[in-house]
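Colleague: when you get a sec, could you give me coordinates for this:
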Amino acid sequence: MAFVPTSDQSSEQLRASLERVARYRGPQPLGPLAHLHKEWLHYCVAGRDIELLLNFSIARRARNQGSTNVGRVIALVRADGAWSGGTESFTERDIHCARGLSQVVLGSCSAQANAHGLQLKASLPQLGLWLELMLVPETESFVRRPLLRAPVCWGVVPRLRAWGSLRSRDAVHVFDGDPAYHDHNWGGFRWGDDFLWQWCTALPRLDEGPYGVVFSRLFDRKGLTETGRSVLVWRAEQLLRVFHDENIRFSQDGYLTQKEILNVPSVMHLLVPGTTTGVPKTLHFEARSGADFLQGTATMQDVARIVIPNETDLGVTVINECSCRLVVQGSIRGLTVRQESRAIFEHLTAPPAVEERP
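Modeller: This is a model prediction of the structure:
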């Protein structure tokens, strides 16, 4: 089935909603945290035999008496239960973006909102990866601020459909209306500041149900104090329900381990050795408010790790990206909710900094 653009009023409203999330914000010119500004655009696509995670990020870095932009593209591919991928970095001369515009270019990689949806292109020969995709929104977006203790904002489009192709090494994968997800974070903070998070999104196929489900948890750096919780539920195009904080309970069973774990960049395996992840094997939630409730279970399958050097000490922050199954059931606004699908779960951990290790 080839991608056929539509132009009805509903589609135009969804594309306008998508653009509110997709556009580049940039630092406030005179803002007190402008020198710490970070922005990343995250995309997930679930084909029949493959999962793709693509991340474009731009961050301010101190240089001489001022600061400059540095960019990075991270690409992770999961096929046959195994992860591959890596990262490429870009200097300011290879970065093209402007505040308020829905186009971000990092070298030969780009993301641009247009009349049809969101177009992604990436040519990463060092990683053996090339792709061209069109993501078409199926739900309205949601934007929240602040997300962390620092003024970080978060925008999300939980359900899109992806058309296009991906070539990873010698294998070509075609996407034909497959489920996709997009979110965008921006604000001023330092890696190593006092926060961690968990986050999960459902990636249902059309025959698996009409619901978009995203849940998140925020913690302090030690992971001992929870500072925020949310469960968001969409049905078809509309945001159906948002559950907050005291209306949500979480529990978990065991921890995920696997024999080999992909670390990105690969050299970071020296700082994060071993196969212990700190990622729950199974995570349960129950959200209740009034007559509405939703129960969910995310069961992890396998994980890849993105390792980021801290800006506050000699340690690192680990972003664990997990493929999982998400089952939800409940009742919201008189509707019976029942859905099972693939999902992506993200879990941040904070290994001890070098000076803290025995």
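Colleague: quick check, central residue of this structure?
Modeller: Centroid-nearest residue in the chain, with Cα atoms, centre = their mean: His42, separated by 4.5 Å.
Colleague: what pLDDT, on average, does the helix or strand hosting that residue get?
Modeller: Under the criterion of DSSP states H and E, His42 resides in strand 37-46. The average pLDDT within strand 37-46 is 96.
Colleague: how near is the closest residue to Tyr24 other than its chain neighbours to Leu52?
Modeller: The shortest distance from Tyr24 to any residue other than its chain neighbours is 4.5 Å, reached at Cys97 (Cβ to Cβ, 6 or more residues apart in numbering). Just so you know, the C-beta spots here come from the backbone N, C-alpha and C atoms, and that holds for glycine as well. Distance, Cys97 to Leu52, by Cβ to Cβ, to the nearest Å: 22 Å.
Colleague: which one of the two has more residues nearby?
Modeller: Leu52 (27 against 22; other Cβ atoms under 10 Å).
Colleague: pLDDT score for the more buried one?
Modeller: 98.
Colleague: for it, what are its contacts?
Modeller: In this structure, Leu52 makes contact with 43-46, 75-78, 131, 166, judged by Cβ atoms under 8 Å, 6 or more residues apart in numbering.
Colleague: and those residues as JSON lines, adding neighbour count and distance to Asn310?
Modeller: Converted to JSON lines, these look like this (neighbours: other Cβ atoms under 10 Å; distance: Cβ to Cβ, whole Å):
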{"residue": "Tyr43", "neighbour count": "23", "distance to Asn310": "25"}
{"residue": "Cys44", "neighbour count": "24", "distance to Asn310": "25"}
{"residue": "Val45", "neighbour count": "27", "distance to Asn310": "30"}
{"residue": "Ala46", "neighbour count": "24", "distance to Asn310": "31"}
{"residue": "Ala75", "neighbour count": "24", "distance to Asn310": "23"}
{"residue": "Leu76", "neighbour count": "24", "distance to Asn310": "21"}
{"residue": "Val77", "neighbour count": "24", "distance to Asn310": "27"}
{"residue": "Arg78", "neighbour count": "24", "distance to Asn310": "27"}
{"residue": "Leu131", "neighbour count": "22", "distance to Asn310": "31"}
{"residue": "Leu166", "neighbour count": "25", "distance to Asn310": "32"}
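Colleague: ok, those vs Arg342, which is closest?
Modeller: Of all these, Arg342 sits closest to Ala46, with 5.1 Å by Cβ to Cβ.
Colleague: bridging residues for the closest residue to that closest one other than its chain neighbours?
Modeller: Leaving aside its chain neighbours, Ala46 sits nearest to Leu203 (4.2 Å; criterion: Cβ to Cβ, 6+ apart). Following DSSP bridges, Leu203 is listed with bridge partners Arg342.
Colleague: give me the distance between Ser67 and Thr276.
Modeller: Distance from Ser67 to Thr276, by Cβ to Cβ: 37 Å.
Colleague: try Ala180
Modeller: 31 Å.
Colleague: who has more neighbours out of the two?
Modeller: Between Ala180 and Thr276, counting by other Cβ under 10 Å, Ala180 is the more crowded of the two (29 against 13).
Colleague: since that was my last question, I'll sign off now.
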